[in-house]
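1. Need the 3D shape of this:
(2 chains)
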Amino acid sequence: MKVELQNLTKIFPSRNKKSGEEVVAVNNFNFTIPDGKLVGLLGPSGCGKSTTLYMISGLQKPSSGKIFFGDEDVTELTPENRGIGLVFQNYALYPHMTVKQNILFPLQNLRGADKLLKEEMLARAYEVAKLVQIDELMDRKPSELSGGQQQRVAIARALVKMPRVLLLDEPLSNLDARLRLQTREEIRRIQKETGITTIFVTHDQEEAMSISDVIVVMKLGVVQQTGKPQQIYDDPCNLFVAKFLGTPPINVFEGEVKAEKLYIGGECVLSVPGVADKAVYVGIRPEGFIPDENGGLSCEILGVDVMGRDVSIVSKNAAMLTPSVRSIVDADYSVAPDQKQIRYTLKPHKVFLFDKETEERIYFEVQ
Amino acid sequence: MAEKNATLLGRVWQSISAFFKEKIWQGFCVNILYKKFDRYKGWIYLAPAIVLLLIFTVWPIFNTVRMAFLEGYTTMKDVRGDTFSFGLGNFTRVLEYKGFLTALKNTMLLTVLTVPISTFLALLIAVCLNSIKWFSRALQTIFFLPYVTNSIAIGMVFAAMFNMIIGGGARPDFIGVVNIVIEALGGEYINWMNEGAEYWAMITVMVVYIVWNALPFKILILLGGLQSVNKQYYEAAKVDATPRWRVFTRITIPLLSPMLAYVIITGFIGGFKEYSSIVGVFGESMRAPGDPTYTLDTMVGFIYRAISNQEGTASAAALILFVIILVVTMINLYVSKKKTHY
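-> Residues are numbered from 1 along each chain as shown, chains lettered A, B, ... in the order given. Coordinates of the predicted model:
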């Protein structure tokens, strides 16, 4: 099921009536979620991603704009009539029911033509339990399950009535690091097997990048960029997106363009054809540095982290705006123990320029 | 000066503790004392409370049992130095006394009628209060008022509401508001509590009063329970198209069951102790004017009257009441263990 959001806006009235300041949680959201894809809504807390999810679910009403499931306008529909499955951040499993009762609960609500026989319900419940691999826990209470198992039960409960769209609110935030890796693969697998259009919300860019077909980066209620994870990583449209995506994060410097040459701290580091002379922010991905005695950028080494596959060099530069400059270089490169300075040449496609005022990307021709 | 004292005390304490902690003393008796203090300090801290409990709770319970099993016990005789033989005479006296059966019947009837009604009403009101946004605070306060009002005073108001003073004229001289409403609805006056009032009418008055009086506490507990239910359960149920009634019976009630169990158990215990409410409405005689017997007597009323001259009988009746409450509470706990979700 294709999900289309048109000019979706949510305005919360101010809590303090006198000041009358409204909070625009989601501002003019336009996006079409393709059928059968896994989409991640990504952004820092307070960016409106959960609000967007709850508007798609119907639990919150948009202030303006429309939501379509396929060609059907569902904006005015109540949640129960939208055919969605929603997994809450804390799962919201009914604590007094067993896993089986929890999964059966949505089916027992079906009325009229959709009403199922008891055997059919059980069959469906076991089918979906098998899918999320909890079929051996059916008689337990939620309190007797681990976080990851509870998460699966919640997904099973959302899937059992065969929703048109599956919505997940911060699905991994309550899990520990190891379980998180495992569960996100699970979510990917379940989504692939069912083919249900799935939208999930997360503030963890790694999580979003690793499993999404498409990610939507949001900030303060405004969509910043949408696209495939790798594409956004390689081609961020503004400084916020560049900073938000990637671990370790991008390095940002004060820079200046003079005569189509980029200067950082007075050193000429790169030629940037087609850019007018002005002061800019320079973002350089950690993997964009090549150690080179004749390189343009010089940094003072603070430390070296060896990570086996590659080496991470922490250094500092007078013009940096991030707390340090972190570069990831090939493990073959070795830093001498007494080495204080290092020089880099830059990979042009890993260097992004941003306008100092708008923080929008300034493009240059990569040769 | 105080400061000087404090530092002096501090120094003394320091030297004392240093003395006790000194290695050389380990194994010596002083150190054993120190260790003993450590082991028993919990008891020492509890001592004031335990002493009070022993005097005002444990001893009276023990003494009640003692008095109940001593034949023909009264305090007067005890003070005079009489000796009593051990026996069950007090219990047989209680059971043979025909007023006791009336008291037992009234107590049971009031409890069995008021606990379900008040619990159901409290649940209904709590759910309503929880779902409205406007005035819920003000309404909560109004519903809570009976709890902070003296039950004798409320009883007098209820008496006025149900009362009727019949003079010589065609119409009664004074008609309580209840009968005015009944008249307005096209009914006949009912003699609720005056001379010649029927038993069921008087019981109805008491049921109304006790239910009204029991509501605030129950509403408070249930409302607290409702407010602590995670809203996401309701959102999840909404997404799953759960009908309202099903949300109530399958989600709200089970999640509220610990509070319901508490309210029902305490309701039963309170019901068996019913006394002051009846005195509040009908006066100390616990009957309609002109009745020859204590028509509306309860267990506690019976005990209270016996205590003035027959302490042994009163104690025996108190023990009987205790056993009844114990059995009912155990049944309650047994049922709630099966039905309650914690």
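2. got the residue ranges for the strands in chain B?
-> Applying DSSP state E to chain B gives strands spanning B:164-165, B:174-175.
3. could I get these as CSV with mean neighbour count and mean pLDDT?
-> Where you see a C-beta, it was placed from the backbone N, CA and C, and this is true even at glycine. Shown next, in CSV, are the strands of chain B (neighbours: other CB atoms under 10 Å in any protein chain shown; pLDDT from 0 to 100):
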stretch, mean neighbour count, mean pLDDT
strand B:164-165, 14, 80
strand B:174-175, 14, 82
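4. Looking at these, which is nearest to residue A:336?
-> strand B:174-175 (107.9 Å; CB to CB).
5. residues in contact with the closest one?
-> B:163, B:164, B:165, B:183, B:189 (CB atoms under 8 Å, 6 or more residues apart in numbering or on different chains).
6. Neighbouring strands - and their directions - for that strand?
-> strand B:164-165 (antiparallel) (DSSP bridges).
7. what's the burial count for the residue of the stretch 1-150 of chain B at minimum distance from chain A?
-> Per CB to the nearest CB, the residue of the stretch 1-150 of chain B with the smallest distance to chain A is residue B:133, at 14.3 Å. Using other CB atoms under 10 Å in any protein chain shown, residue B:133 is surrounded by 5 other residues.
8. Quick check: phi and psi on it?
-> phi -100, psi -40 (degrees, to the nearest 10).
9. and it, what does it touch?
-> No contacts exist for residue B:133 under CB under 8 Å, 6+ apart.
10. For it, give its distance to residue B:142.
-> 16 Å (CB to CB, to the nearest Å).
11. OK, contacts around residue A:358?
-> So residue A:358 contacts residue A:238 (CB under 8 Å, 6+ apart).
12. Model confidence score at it, please.
-> Looking at residue A:358, its pLDDT stands at 90.
13. Where does it sit: helix, strand or coil?
-> Secondary structure, DSSP: H, G, I helix; E, B strand; the rest coil: residue A:358 is coil.
14. To what extent is the spatially closest residue to residue B:237 that is not a sequence neighbour buried, counted in neighbours?
-> In this structure, residue B:237 finds its nearest non-sequential neighbour in residue B:247, 5.0 Å apart by CB to CB, 6 or more residues apart in numbering or on different chains. The tally of other residues near residue B:247 (other CB under 10 Å) stands at 17.
15. Quick check, residue B:247 in contact with residue B:236.
-> No. Using CB atoms under 8 Å as the test, residue B:247 is too far from residue B:236 to be in contact (10.1 Å).
16. And stretch B:119-129, what's buried?
-> Neighbour counts over stretch B:119-129 (16 or more other CB atoms under 10 Å in any protein chain shown) mark B:119, B:121, B:122, B:123, B:125, B:126, B:129 as buried.
17. And the furthest pair within the contacts of strand B:174-175?
-> Applying CB to CB across those, the maximum distance is between B:165 and B:183, 15.5 Å.
18. how about the residues of the stretch 151-300 of chain B that lie near chain A?
-> Residues of the stretch 151-300 of chain B lying close to chain A by CB under 8 Å from any CB of the partner chain are B:230, B:232-233, B:235-243, B:246, B:250-251, B:254-255, B:257.
19. mind listing which of these are in helices?
-> Here DSSP state H is the test, and these give B:232, B:233, B:235, B:236, B:237, B:238, B:239, B:246, B:254, B:255, B:257 as lying in helices.
20. Specify which member of the residues you listed is nearest to residue B:206.
-> Nearest member of those to residue B:206, counting by CB to CB, is residue B:257, at 29.0 Å.
21. What about the closest one, how many residues nearby?
-> Neighbour count of residue B:257, defined by other CB under 10 Å: 17.
22. Equivalent analysis for residue B:109, please.
-> Residues near residue B:109, counting by other CB under 10 Å: 16.
23. for residue B:326, same thing?
-> So residue B:326, with other CB under 10 Å, has 11 neighbours.
24. And residue B:270, by the same measure?
-> 17.
25. related to what we said a few turns ago, could you list which of the buried residues of stretch B:119-129 also contact chain A?
-> Near chain A, by the rule CB under 8 Å from any CB, you find none of these.
26. Closest one to residue A:92 out of those residues, please.
-> The closest of the buried residues of stretch B:119-129, once distances to residue A:92 are taken by CB to CB, is residue B:126, at 22.2 Å.
27. In space, what's closest to the closest one - neighbours in sequence excluded?
-> Per CB to CB, 6+ apart, closest to residue B:126 is residue B:222, 3.9 Å.
28. what number of residues lie near the residue in the stretch 151-300 of chain B positioned nearest to chain A?
-> Per CB to the nearest CB, residue B:241 is where the stretch 151-300 of chain B lies closest to chain A, at 3.3 Å. If you count neighbours by other CB under 10 Å, residue B:241 ends up with 19.
29. That one and residue A:203, how far apart?
-> For residue B:241 relative to residue A:203 (CB to CB), the value is 30 Å.
30. Can you list the residue ranges for helices in the stretch 151-300 of chain B?
-> B:151-162, B:177-184, B:199-227, B:231-239, B:244-247, B:253-272, B:276-282, B:299-306 (DSSP state H, counting those that start in this stretch).
31. For the ones you listed, could you give me JSON lines that also reports mean pLDDT and distance to residue A:275?
-> Compiled in JSON lines, the helices of the stretch 151-300 of chain B are given as follows (pLDDT from 0 to 100; distance: least, CB to CB, whole Å):
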{"stretch": "helix B:151-162", "mean pLDDT": "87", "distance to residue A:275": "85"}
{"stretch": "helix B:177-184", "mean pLDDT": "89", "distance to residue A:275": "88"}
{"stretch": "helix B:199-227", "mean pLDDT": "92", "distance to residue A:275": "60"}
{"stretch": "helix B:231-239", "mean pLDDT": "90", "distance to residue A:275": "51"}
{"stretch": "helix B:244-247", "mean pLDDT": "91", "distance to residue A:275": "61"}
{"stretch": "helix B:253-272", "mean pLDDT": "93", "distance to residue A:275": "63"}
{"stretch": "helix B:276-282", "mean pLDDT": "89", "distance to residue A:275": "89"}
{"stretch": "helix B:299-306", "mean pLDDT": "91", "distance to residue A:275": "94"}
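32. Understood, closing this out.
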